[in-house]
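In: Fold the following for me, if possible:
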Amino acid sequence: MLIWERTGARLRSFPLGGRGFLRWTGIALAALLLALVLALYFLDWNTMRGPIGRWLSHRYDREVRIDGNLQVKLFTWQPKIDVGDLYVGNPAWVKTLQGANLSHAHVEIRLLPLFLGRLIMPVLDLERPNVLVVRDAGGRTNWDRGAPEHGGWQLPPIRRFLVRDGHVVIDDAVRKLHFTGTVNSSEQAGSSGGAFTMTGDGTLNGNLFTADLRGGPLLNVDESRPYAFTADIHAGQTHVTAKGELTHPFHLDRFGADLTMTGPDLADLYYLTGLALPGTPPYRLHGDLQRDGGQYRFTAITGMLGKTDLNGDLAIDAAKDIPALSGRLTSRQLGLDDLGALFGGGKAAMVQSSWLLPDVPLHTERLRQMNAELDYSADAVASRDFPLRGFGTHVSLESGVLDLKPLAFQFPQGKLSGELKIDGRRDMPVTSMDARFSDIHIENFVKNSDKPLTGILEARVKVTGRGHSVHDAASTADGQVTIAIPGGGMRHSLAEWLGVDLLNAIGLTLSGDRSNTRLRCAVAGMDVRNGVLTTQQMVLDTDPVRIDGSGHVNLHDETLDLTIQGHPKSFQFFRLKAPVEIKGKLASPILTINAKPALIQGGIAAGLGILNPLAAILAFLDPGLAKDANCAALLSQAQDKGAPVKAAAVKQAPAGK
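Out: Here you go, the predicted structure:
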């Protein structure tokens with residue numbers, strides 16, 4: 001190859017081979033690199049604040065700017081970066097313009113490991129960082145960039161991590177959560193409580209919040225060995241403590257910890273965990289928590305919820321868009337009162353209410369934030385009012401629909417089984433219940449040894465209502481209630497009292513008579529419309545008396561207005577024709593005798609007495625013309641409406657006369 005040079009009138013040629021070309025190319029590149037190094041060395045980095053801010057703004061689709069001093073020291077084995085007054089804006093859909101700002105940041109990076117593809121930060125020092133986290137009702141956050149991350153933070157090794165006077169504000173429309181607090185971290189060599197400390201305090205939905213995280217000195221962390229830590233968190237009356245290890249230091253998505261939680265209501269953990277847990281009485285739980293990426297396991301659980309012991313294992317898959325809870329929990333003994341917290345009891349019961357049915361709003365909107373498949377069983381049930389032996393259910397929660405099926409209570413004789421479903425997919429939740437009472441022995445509900453009523457109860461309750469509380473759902477309920485007793489026995493004196501045969505009733509009572517009469521059958525059917533139960537049929541048939549009833553139960557104001565009237569089947573010498581009325585509140589019903597018919601009866605007697613004193617007695621005589629109820633037909637009708645009356649009981653039931 002020749003290079004020609006013109007000198008005066010002559011041309012000279014210079015040979016240039018491959019080596020020469022490479023030599024001159026290398027010289028040019030070296031000169032360019034030297035110029036770049038010199039430019040960077042003498043560069044006033046403050047002149048780059050604008051270009052850097054514009055590039056970051058374009059890259060992250062929000063305003064980013066550096067308003068303070070920018071210093072960079074590259075030519076050292078440990079490059080240093082100092083940034084002052086860093087501003088990061090929010091996306092356009094967020095009303096608040098500022099997403100974060102930082103008074104000063106000092107960062108140091110080790111150069112040689114960086115050439116090998118490893119980022120190690122000997123120092124990360126943040127002064128007065130302010131961060132706003134916003135999530136709207138659709139789940140969009142102001143820090144989203146593409147697909148959501150569920151695996152947790154994996155930080156580079158940091159040997160000295162300092163945060164001074166940090167402030168965090170979180171507004172979460174999905175969880176209805178608002179947090180305002182401060183964050184600080186420090187290192188105190190030789191501290192017995194752990195050299196590294198990070199603390200936070202503030203308010204979480206109006207309740208005081210504090211957090212204290214401690215660990216060994218970061219300077220001495222061996223990345224091949226677990227890093228021990230402790231955590232102590234208070235959120236209102238909820239208290240969580242943990243003692244465990246990060247499997248790989250600075251990988252916050254891999255750890256194991258011994259966890260203890262206490263508080264007045266398990267549902268309050270929703271604000272810390274995002275899990276839609278049920279309402280409970282005061283609790284204390286302990287177990288082993290393991291995290292592996294988006295998978296959590298809470299095993300060897302032991303504790304108490306009110307008077308109910310709890311044991312079992314749970315797993316949470318948080319790698320999905322909607323967390324999924326699964327597992328099995330058991331109790332040796334369930335306190336029946338503790339179940340009431342699920343529907344507004346527990347802590348909520350302290351709220352003053354005039355209603356018997358819980359009127360505390362259920363957080364059904366949380367049902368859309370979690371899926372679950374969970375089994376629960378109790379070997380025994382402690383109850384003051386009901387003779388229960390055991391309880392079990394399978395809890396299924398998917399896409400905002402909570403289904404407890406089967407929902408089964410075991411009695412000493414008989415069972416209650418059915419299904420409870422709460423559909424929380426819309427703003428107004430819909431609650432439906434289908435319960436069957438099978439082979440329930442009525443006498444087991446009478447605590448004393450004297451059993452005035454015996455028989456086997458079969459019933460079905462199928463209702464659907466809308467509302468944010470149990471009371472609201474009951475007030476709008478539609479459905480059917482059917483109750484049947486195919487046969488049994490009743491205290492003779494009780495039958496006479498219900499029939500208002502005063503002479504026989506008083507005589508049997510005063511004589512201490514304990515004899516029973518046959519209960520041929522009892523059937524009650526009630527139609528439920530818009531929270532009002534109206535009797536379609538109410539018959540209780542004994543050998544001496546047939547008793548018919550009518551009326552309604554209003555769940556809007558929880559009042560009763562029922563009337564029962566006895567009709568004797570044999571001649572009665574002295575009988576008041578006065579019905580028995582049951583009125584008042586569900587919580588405190590009042591049983592009275594309607595005196596108006598008796599007064600009319602007395603007026604007739606007085607009129608007859610004017611004609612003949614002996615004729616006055618005629619007004620109180622009853623020829624006893626009532627007929628036996630057709631029990632076979634009544635039980636067949638109850639069976640058709642869903643009451644689990646056995647076919648054999650229908651066939652054996654006596655017909656009417």
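
In: pLDDT below threshold where in the protein?
Out: 1-42, 145-153, 189-194, 341-356, 448-449, 493, 495-514, 570-578, 594-625, 657 (pLDDT under 70).

In: ranges for the helices of it?
Out: Using DSSP state H, the helices of the chain run over residues 18-42, 49-60, 111-115, 270-273, 336-339, 470-475, 492-498, 502-510, 595-611, 631-640, 647-652.

In: Verify the contact between residue 97 and residue 87 for me.
Out: No - the criterion here is CB atoms under 8 Å, and residue 97 misses it with residue 87 at 9.5 Å. (Glycine included, C-beta is placed from N, CA and C.)

In: Compare those two (neighbour count), which wins?
Out: Using other CB atoms under 10 Å as the criterion, residue 97 and residue 87 rank with residue 87 on top: 17 against 12.

In: Check the gap between the more buried one and residue 311 for me.
Out: 52 Å (CB to CB, to the nearest Å).

In: who's in contact with residue 541?
Out: 519-522, 547, 628-629, 631 (CB atoms under 8 Å, 6 or more residues apart in numbering).

In: excluding its backbone neighbours, what's nearest it?
Out: Leaving aside its chain neighbours, residue 541 sits nearest to residue 629 (4.0 Å; criterion: CB to CB, 6 or more residues apart in numbering).

In: quick one, strands of the stretch 351-500 of the chain?
Out: 371-382, 390-398, 401-410, 415-423, 430-441, 453-466, 478-485, 488-491 (DSSP state E, counting those that start in this stretch).

In: Give the other helices and strands that the first one contacts.
Out: Contacting strand 371-382 under the criterion 3 or more CB pairs under 8 Å, 6 or more residues apart in numbering; DSSP states H and E are the following elements: strand 324-335, strand 390-398.

In: If we ignore the residues flanking it in sequence, what's nearest residue 427?
Out: Residue 427's closest residue in space is residue 365 (CB to CB, 6+ apart), at 7.8 Å.

In: residues contacting residue 69?
Out: Here residue 69 is in contact with 46, 82-84 (criterion: CB under 8 Å, 6+ apart).

In: Give me the phi and psi angles of it.
Out: Reported as degrees, to the nearest 10, the phi and psi values for residue 69 are phi -80, psi 140.

In: For it, give its distance to residue 84.
Out: The value you get for residue 69 to residue 84, if CB to CB is used, is 4 Å.

In: Residue 363 too?
Out: 45 Å.

In: where exactly do the strands run in the stretch 151-300 of the chain?
Out: Under the criterion DSSP E, counting those that start in this stretch, the stretch 151-300 of the chain contains strands at 161-172, 177-187, 196-204, 207-215, 227-235, 238-246, 254-263, 283-292, 295-305.

In: Neighbouring strands - and their directions - for the fourth one?
Out: Going back to what we said before, that points to strand 207-215. Partner strands and pairing direction for strand 207-215 (DSSP bridges) are strand 196-204 (antiparallel), strand 227-235 (antiparallel).

In: what do you get for the second one?
Out: Paired strands of strand 177-187, with direction, are strand 161-172 (antiparallel), strand 196-204 (antiparallel) (DSSP bridges).

In: For stretch 648-657, list every residue counted as buried.
Out: Under the neighbour-count criterion of 16 or more other CB atoms under 10 Å, stretch 648-657 has 649-650, 653 buried.

In: Sorry, slip of the keys, the one I care about is stretch 219-236.
Out: Under the neighbour-count criterion of 16+ other CB under 10 Å, stretch 219-236 has 221, 227, 229-231, 233-236 buried.

In: cool, and stretch 208-217?
Out: Those would be 209, 211-217, for stretch 208-217 by 16+ other CB under 10 Å.

In: what's the answer for stretch 320-328, then?
Out: Residues 322-325, 327 are the ones in stretch 320-328 that count as buried (16+ other CB under 10 Å).

In: Farthest pair within those?
Out: Using CB to CB, the buried residues of stretch 320-328 span at most 16.9 Å, a distance reached by 322 and 327.

In: okay, now the closest residue to residue 306 other than its chain neighbours: neighbour count?
Out: Leaving aside its chain neighbours, residue 306 sits nearest to residue 281 (3.2 Å; criterion: CB to CB, 6+ apart). Around residue 281 there are 22 other residues, counting by other CB under 10 Å.

In: that older thread, quick check: the residue nearest to residue 427 touching residue 425?
Out: No - counting by CB under 8 Å, residue 365 does not reach residue 425; the two are 10.1 Å apart.

In: Tell me the one of the buried residues of stretch 219-236 nearest residue 119?
Out: residue 221 (14.9 Å).

In: Tell me how many other residues crowd the closest residue to that closest one other than its chain neighbours.
Out: Nearest residue to residue 221, sequence neighbours excluded (CB to CB, 6+ apart): residue 249, at 4.8 Å. When neighbours are counted by other CB under 10 Å, residue 249 registers 23.

In: How about the contacts made by residue 249?
Out: Taking CB under 8 Å, 6+ apart, one finds 157, 221-223, 225-227 in contact with residue 249.

In: from those residues, which is closest to residue 292?
Out: Distances from residue 292 to the contacts of residue 249, taken by CB to CB, are shortest for residue 226, at 13.8 Å.

In: Excluding residues flanking it in the chain, which one is nearest the closest one?
Out: Distance criterion CB to CB, 6+ apart; nearest residue to residue 226, sequence neighbours excluded, is residue 245 at 3.9 Å.

In: does the one you found really touch residue 227, like I thought?
Out: Yes - using CB under 8 Å, residue 245 is in contact with residue 227, at 6.3 Å.

In: so where do the strands sit in the stretch 501-650 of the chain?
Out: 516-529, 532-542, 545-554, 559-568, 580-585, 588-593.

In: Same list (these) but as JSON lines, adding distance to residue 410.
Out: Shown next, in JSON lines, are the strands of the stretch 501-650 of the chain (distance: least, CB to CB, whole Å):
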{"stretch": "strand 516-529", "distance to residue 410": "24"}
{"stretch": "strand 532-542", "distance to residue 410": "27"}
{"stretch": "strand 545-554", "distance to residue 410": "28"}
{"stretch": "strand 559-568", "distance to residue 410": "30"}
{"stretch": "strand 580-585", "distance to residue 410": "30"}
{"stretch": "strand 588-593", "distance to residue 410": "29"}
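
In: for those strands, which one sits closest to residue 50?
Out: That would be, of those and by CB to CB, strand 516-529, which comes in at 72.0 Å.

In: Tell me the strands beside that closest one, with direction?
Out: Strand 516-529 is paired, per DSSP bridges, with strand 478-485 (antiparallel), strand 488-491 (antiparallel), strand 532-542 (antiparallel).

In: Take the ones you listed and lay them out in a markdown table including distance to residue 76.
Out: Converted to a markdown table, these look like this (distance: least, CB to CB, whole Å):
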| stretch | distance to residue 76 |
| --- | --- |
| strand 478-485 | 78 |
| strand 488-491 | 95 |
| strand 532-542 | 83 |
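
In: Quick one: closest of the ones you listed to residue 178.
Out: So among these, strand 478-485 is nearest, using CB to CB, at 38.3 Å.

In: Okay, angle between the closest one and strand 545-554 too, please.
Out: Put simply, strand 478-485 runs at 160 degrees to strand 545-554, going by axes from the mean of the first three to the mean of the last three CA atoms, to 10 degrees.
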